[in-house]
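Colleague: Please find the sequence and the predicted model below.
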Amino acid sequence: MRIAVAEIAQETDSFTPLTAELTDFENYGIYYGAELLERMHGVGPIGGFLEVAAEQQQQQPLKLFPIVRAWGAAGGTITAATLDYLTERLVAGLRDAMPLDAIFLSMHGAAASENVDDVEGHILRAVRDVVGNDLPVVVPLDHHANVTQQMVDLADLLIGHETQPHDPPATGRKAARALFRMLRGESQPTVAWRKIPMITPQDQFLTSQGPMKEWFDLARSMEQREGVIDVSPYPMQPWLDVAEGGWSVVVHTERNPELAQTLAAEMANAAWRLRHQFWLSDRVAPADAVRNALRAESGLVILSDTGDSVYGGAPGDSACILRAMLEQNIPAMALVPLVDPQALQIASSAGVGAEISVELGGKFDRAFNRTVQVTGRVAAISKGLTVDLHDRGVCDLRRTALLQVGQIRIVLLDHRSFAINHPILYTHLGLEIGDAKMVVLKTASNFQFFAPWRKQLIRVDSPGTTQSNLRDFAWQRIPRPIFPLDDLPEWNALK
């Protein structure tokens, strides 16, 4: 049994001023050939696949052909040159590996490039041009993917995450088991899907509560029915402005297209029925968020900077919450991350112990954010740290500096990093998380790394390229009409 393994994954924010270059993928590790197998155990969907493949190996000889792993996290539109390079590396690897029995191709599902709206469909088309239409191609996706007709046509299985926060290895295991059932002749999937004309903000994206839990629980209950392989809901991340944008659901059944159609329509109508609940929000203004955090009795308060979510593609340079802290002259320790290469250079040049005056933030996103002037002491400098974030892979923090402004501890970074929302960002500079009263996290949903200290969560209604007020964006390509940007009072998946 000969299986090619690859990953090309990135989540695009159409409204960020950033672009995604090859270096953005390199920051998270681009692996070629055997290095992929060495570095990806337990990491992402490929890690889950390798776990199941090891079990399969005990029953039947199996040869894996690792080609390329390129994960760019979330960011701006991918440059044409970067997409061309990664696609060519994948295609060349597939040609060299032929003949194959199957392909396990991990992707995000919400990537766009300078000249291609549907990056995943584009890559799948390139794959099919090499291997033909009969070879099984199984694709694990992030559940914030934007599914397109081309993706459905070209992949045998599209398997999405079951939870938010995500468990990528679990998605890889689910997709891998479905693939091996196909290869053993035990499964012949049929597919149905529905596009749902809606987008919603991130406030209700957690699958552990609210309307998203109800929708995802419905999918899990459907999977208990005989003949159902997978039911994957896809609440598209809401900052992707592309021609086929919008929520969707994909259903795979065993040789039963009628059942797949019925379940896909039921799932789509359920999302539509809940559409207003997905817009409920408990966000508070930045100044109120800081005041509420100060009033908390004990423990660490997480201030979720929803408008500047690095995990959603934002630059990470918003000083909005920092400004509110400075204006209130907060008396308790606060931890704040900020991507600001210019300020970092000033702090590094001044050295530990130096007092500096510097403008922070607003260097990248100038549409929604502005700088703030601070004077503080350079408390620590790190020349670089490469850290293994376990199921998230290896992360290179590069240079950082700690700037102390009163009770506020600001960590300056020279680039966006997955570790921006991880305790290691502070502990590697000598800080103790338990000493802080509040911490700003540049994410709207991935708070799990601070769980040991967390006592309260406050969602801040902050501006930025991942803000929840979707109506303020200049939409150009998304299909219209679409809820809630347009008046669309009635819709039914069965019509």
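Modeller: That came in fine, so what should we check first? Numbers count the residues shown, from 1 in each chain.

Colleague: roughly how far is stretch 198-211 from the heart of the chain?
Modeller: Relative to its chain's centre, stretch 198-211 lies at 14 Å (CA atoms, centre = their mean, to the nearest Å).

Colleague: I'd like the average pLDDT over it.
Modeller: On average, the pLDDT along stretch 198-211 is 94.

Colleague: Over to stretch 247-263?
Modeller: 98.

Colleague: list the buried ones in that stretch?
Modeller: For stretch 247-263, the neighbour count (16 or more other CB atoms under 10 Å) marks 247-254, 256, 259-263 as buried. Where C-beta positions appear, they are placed from N, C-alpha and C, glycine not excepted.

Colleague: just how off-centre is it within its chain?
Modeller: Distance, centroid of stretch 247-263 to centroid of chain: 26 Å (CA atoms, centre = their mean).

Colleague: Repeat that for stretch 315-331.
Modeller: Centroid displacement of stretch 315-331 relative to its chain, using CA atoms, centre = their mean, is 25 Å.

Colleague: what does stretch 373-384 give?
Modeller: Chain-centre distance of stretch 373-384: 29 Å, with CA atoms, centre = their mean.

Colleague: Can you pull out the low-pLDDT segments for the stretch 301-450 of the chain?
Modeller: 390-393 (pLDDT under 70).

Colleague: ok, 80 please
Modeller: 385-396 (pLDDT under 80).

Colleague: all strands of it, in order?
Modeller: Listed in chain order, the strands of the stretch 301-450 of the chain (DSSP state E, counting those that start in this stretch) span 334-339, 355-360, 372-382, 386-388, 394-396, 400-405, 408-413, 438-441.

Colleague: Okay, now the sheet partners of the fifth one, with direction.
Modeller: Sheet neighbours of strand 394-396, with direction, are listed as strand 386-388 (antiparallel) (DSSP bridges).

Colleague: what sits against Ala380?
Modeller: Contacts for Ala380 were tallied using CB atoms under 8 Å, 6 or more residues apart in numbering; they are 352, 401-402, 429-430.

Colleague: And for Pro169?
Modeller: When contacts are counted by CB under 8 Å, 6+ apart, Pro169 is found next to 42-45, 47-48, 51, 391.

Colleague: what does Glu254 give?
Modeller: Glu254 touches 187-190, 227-229, counting by CB under 8 Å, 6+ apart.

Colleague: so of these, which ones are in strands?
Modeller: In this view, those that belong to strands under DSSP state E are 189-190, 228-229.

Colleague: if we can go back for a sec, make JSON lines out of the buried residues of stretch 247-263 and add secondary structure.
Modeller: Below are the buried residues of stretch 247-263 laid out as JSON lines (DSSP: H, G, I helix; E, B strand; the rest coil):
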{"residue": "Trp247", "secondary structure": "strand"}
{"residue": "Ser248", "secondary structure": "strand"}
{"residue": "Val249", "secondary structure": "strand"}
{"residue": "Val250", "secondary structure": "strand"}
{"residue": "Val251", "secondary structure": "strand"}
{"residue": "His252", "secondary structure": "strand"}
{"residue": "Thr253", "secondary structure": "strand"}
{"residue": "Glu254", "secondary structure": "strand"}
{"residue": "Asn256", "secondary structure": "coil"}
{"residue": "Leu259", "secondary structure": "helix"}
{"residue": "Ala260", "secondary structure": "helix"}
{"residue": "Gln261", "secondary structure": "helix"}
{"residue": "Thr262", "secondary structure": "helix"}
{"residue": "Leu263", "secondary structure": "helix"}
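
Colleague: Just put those in a markdown table and tack on distance to Ile123.
Modeller: Output for those, formatted as a markdown table (distance: CB to CB, whole Å):
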| residue | distance to Ile123 |
| --- | --- |
| Trp247 | 22 |
| Ser248 | 18 |
| Val249 | 22 |
| Val250 | 17 |
| Val251 | 23 |
| His252 | 20 |
| Thr253 | 26 |
| Glu254 | 27 |
| Asn256 | 29 |
| Leu259 | 30 |
| Ala260 | 24 |
| Gln261 | 27 |
| Thr262 | 31 |
| Leu263 | 27 |
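
Colleague: Show me which pair in those is furthest apart.
Modeller: Spatial extent of these (CB to CB) is set by the pair Trp247 and Glu254 at 25.5 Å.

Colleague: which one of the buried residues of stretch 247-263 is nearest Ser304?
Modeller: When the buried residues of stretch 247-263 are ranked by distance to Ser304 (CB to CB), Trp247 comes first, at 22.5 Å.

Colleague: Now the lengthiest strand in the chain: buried residues?
Modeller: Longest strand in the chain, counting residues (DSSP E): strand 63-75. Neighbour-count burial for strand 63-75, counted by 16+ other CB under 10 Å, picks out 64-75.

Colleague: for that strand, packing partners?
Modeller: strand 2-12, strand 19-20, helix 22-26, strand 30-32, helix 34-39, helix 44-57, helix 80-97 (3 or more CB pairs under 8 Å, 6 or more residues apart in numbering; DSSP states H and E).

Colleague: residues making contact with the third one?
Modeller: Residues outside helix 22-26 that contact it (CB under 8 Å, 6+ apart): 10, 30, 70-73, 75, 79, 81-82, 85-86.

Colleague: which one in these is the model shakiest on?
Modeller: For the contacts of helix 22-26, the weakest pLDDT value sits at Ala73, with 87.

Colleague: got the contact list for Gln448?
Modeller: Taking CB under 8 Å, 6+ apart as the test, what Gln448 contacts is Pro165.

Colleague: could the contacts of Glu254 go into CSV alongside pLDDT and distance to Arg95?
Modeller: Shown next, in CSV, are the contacts of Glu254 (pLDDT from 0 to 100; distance: CB to CB, whole Å):
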residue, pLDDT, distance to Arg95
Ser187, 96, 28
Gln188, 96, 28
Pro189, 98, 26
Thr190, 98, 30
Gly227, 97, 37
Val228, 98, 36
Ile229, 98, 30
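
Colleague: which of these has the most neighbours?
Modeller: Using other CB atoms under 10 Å as the neighbour test, these are led by Ile229, with 23 neighbours.

Colleague: The closest residue in space to that one that isn't next to it in sequence pairs with what?
Modeller: In this structure, Ile229 finds its nearest non-sequential neighbour in His252, 4.1 Å apart by CB to CB, 6 or more residues apart in numbering. Counting by DSSP bridges, His252 is bridged to Val191, Asp230.

Colleague: I'd assumed Trp193 was in contact with His252.
Modeller: No - with contacts counted by CB atoms under 8 Å, His252 stays clear of Trp193, the gap being 9.5 Å.

Colleague: and the gap between the nearest residue to Leu344 once chain neighbours are set aside and Leu402?
Modeller: Using CB to CB, 6+ apart and skipping residues adjacent in sequence, the residue nearest Leu344 is Leu412, 4.2 Å away. Per CB to CB, to the nearest Å, Leu412 is found 8 Å from Leu402.

Colleague: same question, Val91
Modeller: When Val91 is compared with Leu402 (using CB to CB), they lie 45 Å apart.

Colleague: same question, Pro484
Modeller: Pro484 is 42 Å from Leu402, by CB to CB.

Colleague: Now for Thr79, how many residues are close by?
Modeller: Using other CB under 10 Å, Thr79 is surrounded by 17 other residues.

Colleague: got it, and Ala285?
Modeller: By the criterion of other CB under 10 Å, Ala285 has 13 neighbours.

Colleague: what sits against the closest residue to it other than its chain neighbours?
Modeller: Leaving aside its chain neighbours, Ala285 sits nearest to Asp461 (5.7 Å; criterion: CB to CB, 6+ apart). Applying CB under 8 Å, 6+ apart to Asp461 gives the contacts 281, 283-286, 306-307, 467-468.
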